[in-house]
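Engineer: Provided below for reference: sequence and predicted model.
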Amino acid sequence: VLVSVISSPQNYPLYIRSVPTENELKFHYTVHTSLDVVDEKISAMGKALVDQRELYLGLLYPTEDYKVYGYVTNSKVKFVMVVDSSNTALRDNEIRSMFRKLHNSYTDIMCNPFYNPGDRIHSRAFDNMVNSMMMQVC
């Protein structure tokens, strides 16, 4: 189970993908509560976050069933991943590299002259990248 979300600086979703789709509403709730944790971490880090190149926030919080990870860009766009906690094969390095892939693909979308920043992301290339990433995890 993996949910990847890209959220704008104002915390509205730009892209959400979850596999499987039957508990999608539960994942939406988990993601939105985790955005509060991301905001808390950002404000706690304060100026240190600006000076830092590493934007990976790490494990935001674990639940009984899931682990929630966060990443924030320099422009305050937030990425959130929810991973099944029974998946012990995923290490911090793999999660970090998955966020880097997401960030790079997001940057490619932002460079598209036909994309309006702040609009929902509708990109076949981005969907394919997220799907391949999810298949590696599941």
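Structural biologist: In hand now; what should we look at? Note that the structure is predicted; figures quoted are calculated from it, not measured.
Engineer: how deep is Glu64 tucked in, by neighbour count?
Structural biologist: 5 (other C-beta atoms under 10 Å). For every residue, glycine as well, the C-beta is placed using N, CA and C.
Engineer: Check Ile6 too.
Structural biologist: Look at Ile6: counted by other C-beta under 10 Å, it has 24 neighbours.
Engineer: Go ahead and confirm Arg120 touches Tyr15.
Structural biologist: Yes. With contact defined as C-beta atoms under 8 Å, Arg120 reaches Tyr15; the gap is 6.8 Å.
Engineer: What's the separation between Leu90 and Ser4?
Structural biologist: If you measure Leu90 against Ser4 using C-beta to C-beta, to the nearest Å, the figure is 14 Å.
Engineer: more crowded one of the two?
Structural biologist: Ser4 (24 against 18).
Engineer: Which strand residues bridge the more buried one?
Structural biologist: Arg17, Met81 (DSSP bridges).
Engineer: residues contacting the nearest residue to Ile16 once chain neighbours are set aside?
Structural biologist: Computed as C-beta to C-beta, 6 or more residues apart in numbering, the closest residue to Ile16 that is not its neighbour in sequence is Val5, at 5.1 Å. Val5 makes contacts with Pro13, Tyr15, Ile16, Val31, Lys78, Phe79, Val80, Met81, as judged by C-beta atoms under 8 Å, 6 or more residues apart in numbering.
Engineer: Where does the prediction get shaky in this structure?
Structural biologist: Residue ranges of the chain with pLDDT under 70: 1-3, 46-54, 138.
Engineer: Please enumerate the strands of it.
Structural biologist: Secondary structure of the chain (DSSP state E): strands at 2-7, 13-19, 56-62, 66-72, 78-84.
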